[in-house]
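Enquirer: Kindly generate the corresponding structure for this input.
(2 chains)
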Amino acid sequence: AQKVTQAQTEISVVEKEDVTLDCVYETRDTTYYLFWYKQPPSGELVFLIRRNSFDEQNEISGRYSWNFQKSTSSFNFTITASQVVDSAVYFCALSEAQYGGATNKLIFGTGTLLAVQP
Amino acid sequence: SQTIHQWPATLVQPVGSPLSLECTVEGTSNPNLYWYRQAAGRGLQLLFYSVGIGQISSEVPQNLSASRPQDRQFILSSKKLLLSDSGFYLCAWSVPYGGFSTNEKLFFGSGTQLSVL
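Expert: Presented below is the predicted three-dimensional model:
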């Protein structure tokens, strides 16, 4: 069965600190996709990244970086030099490859609330 | 460009009353459509998804139903609300399946905060 675990319920950091949000997933499929979404106080989920299971290269986008480790089934997200605007709930999600015509059903973790203090 | 509209933003309803939440997508054709619910302190749970007009799949048994009367319109309904229906409801869309699935990202609406009292 698919499952996503975000063990950190809340994290509080001071501006300019680095912070890592953990994500551990479970799946029996060899082909799957992992996602990170940001939910600011406004409520709308904002897409951050999608990674397929065959691409274990780490990715960096500005202050954001992602570390995908298949050996530990983890897809951790690091924010470097955090800013107050980074304050939000961050969700990790998993979807298994759908064949034969289907949809992209995301299984979400419970989210991590990140509070960046000025 | 594609946009997704969801309304109302907030809703307070008494127990036993009906519910209708609407979601529309612009700028794309034949999208896959989804309804998610986010209960307080919990993650997002997929409620329904649709791959076409009149085609609805339910993920969890519940007091809610969904309909897709038009290609880019997705409606979440209930005949009689329960207290447990309270939560934050999010509509989302993704590009339609095109052969080999690439599990495209979902685009979310701004959500509806439903309080059942």
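Enquirer: Pull up the residues of chain A that are close to chain B.
Expert: A:4, A:6, A:33, A:35, A:37, A:42-47, A:50, A:52, A:91, A:93, A:95, A:97-99, A:101-111 (Cβ under 8 Å from any Cβ of the partner chain). Where you see a C-beta, it was placed from the backbone N, CA and C, and this is true even at glycine.
Enquirer: Please name the bridge partners of the residue nearest the centre of chain B.
Expert: Nearest to the mean C-alpha position of chain B, counting by Cα atoms, centre = their mean, stands residue B:35 at 2.5 Å. Beta-bridge partners of residue B:35, counted by DSSP bridges, are residue B:48, residue B:91.
Enquirer: so who does it touch?
Expert: B:23, B:46, B:47, B:48, B:49, B:66, B:74, B:76, B:89, B:90, B:91, B:92 (Cβ atoms under 8 Å, 6 or more residues apart in numbering or on different chains).
Enquirer: Make sure I have this right: residue B:22 is in a strand.
Expert: Yes. According to DSSP: H, G, I helix; E, B strand; the rest coil, residue B:22 belongs to a strand.
Enquirer: now it: how far from residue B:114?
Expert: 13 Å (Cβ to Cβ, to the nearest Å).
Enquirer: Show only the entries of the residues of chain A next to chain B found in helices.
Expert: If you go by DSSP state H, the residues of chain A next to chain B have nothing in helices.
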